[in-house]
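In: Here is my input; please provide its structure:
(2 chains)
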Amino acid sequence: NAGVMQNPRHLVRRRGQEARLRCSPMKGHSHVYWYRQLPEEGLKFMVYLQKENIIDESGMPKERFSAEFPKEGPSILRIQQVVRGDSAAYFCASSPPSVDEQYFGPGTRLTVT
Amino acid sequence: QKEVEQDPGPLSVPEGAIVSLNCTYSNSAFQYFMWYRQYSRKGPELLMYTYSSGNKEDGRFTAQVDKSSKYISLFIRDSQPSDSATYLCAINSGSNYQLIWGAGTKLIIKP
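Out: Numbering: from 1, shown residues only, chains lettered A, B, ... in the order given. Predicted structure coming up:
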């Protein structure tokens, strides 16, 4: 049973470009969570999605950031017009319905130059 | 006061020692307690998940919850250099999906 998959693992973007981060949850998991982690800091919740629904995006900046989890395909975290402060590791986690444990992917490390 | 407090360390111990990692929390409504291990530049890995007060053991790892003191611990017996990682506690109230995360404790096991 494959775990949570994220790609790309490393992404370099120039300021002003767009970044697209993909997450495929574990088989049977319909809930996806996105987190951001800065060096030497803990995980910061960004958004919680179920298939075709954003349940909670309270941790996501109001501008430039968006997320989706379509009926088919991976969840996408999209950052438009990236700035240097967006450089971080972005982790996706998934869980089955009504289960508290979240299983994490390996992360995407975004570097904005 | 943060909802979950965790000493960031680093905590450095010799190989073979018993390690104690701890978190305190402020909300007595919290019900579910998890410990994750994160190696450098990797995603967090779920280690232990507990619901009630008391101990839960899995190999060299023991998770302990004391709800009366709002204190959770992770013990590692016979520690090994491969245990060197950051250990994060995560807590859920049970009424919604959001996990409240500790900042993580960096553990270093010296050979």
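In: and the residue of chain B found nearest chain A, which of the three is it?
Out: Taking Cβ to the nearest Cβ, chain A has its nearest neighbour within chain B at residue B:43, 3.8 Å off. Where C-beta positions appear, they are placed from N, C-alpha and C, glycine not excepted. Three-state call for residue B:43 (DSSP: H, G, I helix; E, B strand; the rest coil): coil.
In: Report the beta-bridge partners for the closest residue to it other than its chain neighbours.
Out: Once flanking residues are discounted, residue B:43 sits nearest to residue A:104: 3.8 Å by Cβ to Cβ, 6 or more residues apart in numbering or on different chains. Beta-bridge partners for residue A:104, by DSSP bridges, are residue A:93.
In: Could you tell me the per-residue confidence at the residue of chain B closest to chain A?
Out: On the pLDDT scale, residue B:43 is placed at 92.
In: so who does it touch?
Out: A:4, A:6, A:91, A:104, A:105, A:106, A:107 (Cβ atoms under 8 Å, 6 or more residues apart in numbering or on different chains).
In: does the first one really touch residue A:23, like I thought?
Out: Yes. Using Cβ atoms under 8 Å, residue A:4 makes contact with residue A:23 at a distance of 6.7 Å.
In: list residues touching both of the two?
Out: In contact with both residue A:4 and residue A:23: A:92, A:94, A:105, using Cβ under 8 Å, 6+ apart.
In: who's in contact with the residue nearest to residue B:97 when sequence neighbours are not counted?
Out: Leaving out its chain neighbours, the residue that sits closest to residue B:97 by Cβ to Cβ, 6+ apart is residue A:48, at 6.0 Å. Neighbouring residues of residue A:48 by Cβ under 8 Å, 6+ apart: A:31, A:32, A:33, A:54, A:55, A:56, A:57, B:97, B:98.
In: Could you do residue A:82 as well?
Out: A:13, A:14, A:15, A:16, A:17, A:18, A:19, A:64, A:110, A:112.
In: run the last query once more with 10 Å
Out: By Cβ atoms under 10 Å, 6 or more residues apart in numbering or on different chains, the contact list for residue A:82 reads A:11, A:13-19, A:64, A:110-113.
In: out of the residues you listed, which are buried?
Out: A:11, A:13, A:19, A:110, A:112 (16 or more other Cβ atoms under 10 Å in any protein chain shown).
In: pLDDT added to those, as JSON lines?
Out: As requested, the buried ones among the contacts of residue A:82 are exported to JSON lines (pLDDT from 0 to 100):
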{"residue": "A:11", "pLDDT": "98"}
{"residue": "A:13", "pLDDT": "98"}
{"residue": "A:19", "pLDDT": "98"}
{"residue": "A:110", "pLDDT": "97"}
{"residue": "A:112", "pLDDT": "97"}
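In: Out of those residues, which is nearest to chain B?
Out: residue A:110 (13.3 Å).
In: quick one: secondary structure of the closest one?
Out: Per three-state DSSP, residue A:110 ends up strand.
In: Fine by me, thanks again.
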